[in-house]
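In: here is a sequence with its predicted model. Questions after.
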Amino acid sequence: MAVGDNPENRENGSDDGDRSRIGPSPIPSPLSSWLVPLFVVTNVTLFSIAMFVNNCPKHSESHHSPNHHCVARFLGRLSFEPLRNNPLFGPSSRTLVKLGSLEWCRVVKEREAWRLFTCIWLHAGVIHLVANMISLLFVGIRLEQQFGFVRIGVIYVTSGVGGSVLSSLFIRNGVSVGASGALFGLLGSMLSEILTNWTIYSNKVVALLTLLFVIVINLALGILPHVDNMGHLGGFVVGFLLGFVLLARPQFKWLAREHIPEGRHLTSKYKPYQYILRLISLALLISG
């Protein structure tokens, strides 16, 4: 992004004094990030609770089957289900359903709409959890530092629920969990943020390549158990639209202080296309 640096010291001290009073820097200092790390801690904690509730050794004894061998049994009741049941090193589907995973019949027929929210905090296994949390830190901290915890929190949760809604409409068999829908919402908002703030980006190619890299990794996770690409798509679309609504920046008339004419102050304003994109996105979110 283009950042206006202070001009070099000049021999005329009064000139420095005049320029120091010119308006604020186009790009504010990065904000602190605490919500995204809190999301990561919450997801890891809930996964640990899921493994504690699952208690694979107890189920193994009740099955009386030599083929029901828990993985990493030295972890005690935190050990993983047999790989043939869950290749991601995690709990059983029954445990996930008990704790709030997304299941079509329970949401639609039994009206357990709360599962649309709870499922985004559960994960199918260690592999699933680690992949999502690394991506969340990679994308989320940057966005939170730029736009603050309120807007990023709204995008994360709303996109996660939106992904759950689309998933429940199209996936009627199986159990679905994971923060992938919410994560794809952040990716969608990152894309719309780049598009709506295009003129103030100085590293457009790097930003787009970073976004593409993370999207490809998470799309690959869509083939794994308990993960569905409909949730990814729903979260991405919701986040993409919310990005136009919440993440638009005012465009600065002069991006560097040395280009400001004498006697003029740094001014900013939203471009007409930003207003148009915001209104269209808001209308689609409300109608959808």
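Out: Received it, and whenever you're ready, just let me know what you need.
In: when you work out contacts or count neighbours from here on, use the C-alpha atoms and nothing else.
Out: Noted.
In: on the pLDDT front, check the most centrally placed residue in the chain for me.
Out: The centre of the chain sits closest to residue 183, judged by C-alpha atoms, centre = their mean, with a distance of 3.0 Å. If you check residue 183, the pLDDT there is 92.
In: would it count as being in a helix?
Out: Yes - counting by DSSP: H, G, I helix; E, B strand; the rest coil, residue 183 is found in a helix.
In: that one against residue 132, yeah?
Out: Yes - with contacts counted by C-alpha atoms under 8 Å, residue 183 reaches residue 132, the gap being 7.5 Å.
In: contacts only, for residue 207.
Out: Applying C-alpha atoms under 8 Å, 6 or more residues apart in numbering to residue 207 gives the contacts residue 194.
In: try residue 137
Out: 36-37, 40.
In: in what helix or strand does it lie?
Out: Applying DSSP states H and E as the criterion places residue 137 in helix 126-147.
In: in that helix, what's buried?
Out: Buried residues in helix 126-147, counted by 16 or more other C-alpha atoms under 10 Å: 126, 128-129, 132-133, 135-137, 139-147.
In: one more: stretch 145-154?
Out: Under 16+ other C-alpha under 10 Å, the buried positions of stretch 145-154 are 145-149, 151-153.
In: related to what we said a few turns ago, may I see the PyMOL selection of the buried members of the contacts of residue 137?
Out: Selection of buried members from the contacts of residue 137 for PyMOL, criterion 16+ other C-alpha under 10 Å:
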select buried, resi 36+40
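In: closest one of the contacts of residue 137 to residue 122?
Out: Nearest to residue 122, judged by C-alpha to C-alpha, of the contacts of residue 137 is residue 40 at 11.4 Å.
In: what packs against the helix or strand containing the closest one?
Out: Assigned by DSSP H and E, residue 40 belongs to helix 35-54. With contacts defined as 3 or more C-alpha pairs under 8 Å, 6 or more residues apart in numbering; DSSP states H and E, helix 35-54 has these neighbours: helix 93-99, helix 126-147.
In: got those helices as TSV, with distance to residue 69 and mean pLDDT columns?
Out: Formatted as TSV, the helices and strands packed on helix 35-54 follow (distance: least, C-alpha to C-alpha, whole Å; pLDDT from 0 to 100):
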stretch	distance to residue 69	mean pLDDT
helix 93-99	16	94
helix 126-147	18	92
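In: among the ones you listed, which comes closest to residue 87?
Out: Here helix 126-147 is closest among the helices and strands packed on helix 35-54 (C-alpha to C-alpha), at 9.0 Å.
In: isn't residue 187 up against residue 235?
Out: No - between residue 187 and residue 235 there is no contact under C-alpha under 8 Å: 9.0 Å.
In: those two: who's more crowded?
Out: Comparing residue 187 with residue 235 by other C-alpha atoms under 10 Å, the one with more neighbours is residue 235, at 35 against 28.
In: alpha carbons of the helix or strand in which that one is found, in CSV - could you do that?
Out: Per DSSP H and E: residue 235 is located in helix 229-246. Extracted as CSV, the C-alpha positions of helix 229-246 are listed here (Å, rounded to 0.1, in the frame of the first residue of the first chain):
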residue,chain,number,x,y,z
ASN,A,229,-17.0,-27.5,-0.5
MET,A,230,-20.5,-26.2,-0.4
GLY,A,231,-19.6,-24.8,3.0
HIS,A,232,-16.5,-23.3,1.5
LEU,A,233,-18.5,-21.7,-1.3
GLY,A,234,-21.2,-20.3,1.0
GLY,A,235,-18.7,-18.8,3.3
PHE,A,236,-16.7,-17.3,0.4
VAL,A,237,-19.7,-15.6,-1.2
VAL,A,238,-20.9,-14.1,2.1
GLY,A,239,-17.4,-12.9,3.0
PHE,A,240,-16.9,-11.5,-0.5
LEU,A,241,-20.1,-9.4,-0.3
LEU,A,242,-19.4,-8.3,3.3
GLY,A,243,-15.9,-7.2,2.2
PHE,A,244,-17.5,-4.6,-0.1
VAL,A,245,-19.7,-3.4,2.7
LEU,A,246,-17.3,-3.3,5.6
